[in-house]
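Asker: Could you look at this predicted model? Sequence included:
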Amino acid sequence: MRLVLAGVSDRLASQVRSWLGRMERASSAAQAIRMLRRAPAPRLLVVSELLPGAGDVLAAVEADGRLARLVWVVVLGDRTTLSLALRSRGVAVLPRRGAGSRLRRLLGIRAAPALGAERPTTRRE
């Protein structure tokens, strides 16, 4: 699965990389839009509400009918008017705190077992 992270912290990017592998990071809106237009289209776009031009990135996805059908958009942060407006339209908006675990749940990725956790044993009789 190809995904694009735009304006996301290094910590969250490293968590996502460990779960999914192929990931591209954008530090500007223009760079994110260029990444979105490359083939094949990404399955997931995670864009920070604090990225200058975040609205432009989201508008580019919505304006391109192909991208709008193929790309699942997640907005990271819940404090700006943009995030509040998008949440009311059904876009996944995650708060910054705990975003890694929430994103993992949205993607259906199970957490790795804790170190030292014992496997349940079955006893044959």
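Answerer: Here it is on my side, so go on.

Asker: Show me where this protein has its strands.
Answerer: With DSSP state E, the ranges of strands along the chain come out as 3-6, 23-26, 44-48, 72-76, 92-94.

Asker: ok, Leu45 - contacts?
Answerer: Applying CB atoms under 8 Å, 6 or more residues apart in numbering to Leu45 gives the contacts Leu3, Val4, Ala6, Ala32, Leu36, Val57, Val61, Val71, Trp72, Val73, Val74. C-beta coordinates here come from the backbone N, C-alpha and C atoms, glycine included.

Asker: cutoff 10 Å now
Answerer: Contact analysis of Leu45 by CB atoms under 10 Å, 6 or more residues apart in numbering lists 3-6, 26, 32, 35-36, 57-58, 60-61, 67, 71-75.

Asker: before we move on, what about Asp56?
Answerer: Contact partners of Asp56, counting by CB under 10 Å, 6+ apart, are Ala29, Ala30, Ala32, Ile33.

Asker: Next: Leu106.
Answerer: Leu44, Val46, Trp72, Val74, Ala92, Leu94.

Asker: and the contacts of Leu45, which are buried?
Answerer: By neighbour count, with 16 or more other CB atoms under 10 Å, these hold 3-6, 26, 32, 35-36, 57-58, 60-61, 67, 71, 73-75 as buried.

Asker: All the helices of the protein, residue numbers only.
Answerer: Under the criterion DSSP state H, the chain contains helices at 10-20, 29-37, 54-63, 65-70, 81-88, 99-107.

Asker: I'd like those written out as a markdown table, with mean pLDDT added.
Answerer: Output for the helices of the chain, formatted as a markdown table (pLDDT from 0 to 100):
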| stretch | mean pLDDT |
| --- | --- |
| helix 10-20 | 79 |
| helix 29-37 | 94 |
| helix 54-63 | 91 |
| helix 65-70 | 87 |
| helix 81-88 | 81 |
| helix 99-107 | 77 |
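
Asker: Would you agree Gly100 is in contact with Leu5?
Answerer: No - Gly100 is beyond contact range of Leu5, at 11.9 Å (criterion: CB atoms under 10 Å).

Asker: Which strand residues bridge the residue positioned nearest the centre of the chain?
Answerer: Taking CA atoms, centre = their mean, the centroid of the chain lies closest to Val46, which sits 3.3 Å from it. In this structure, Val46 bridges to Leu5, Val74 when assessed by DSSP bridges.
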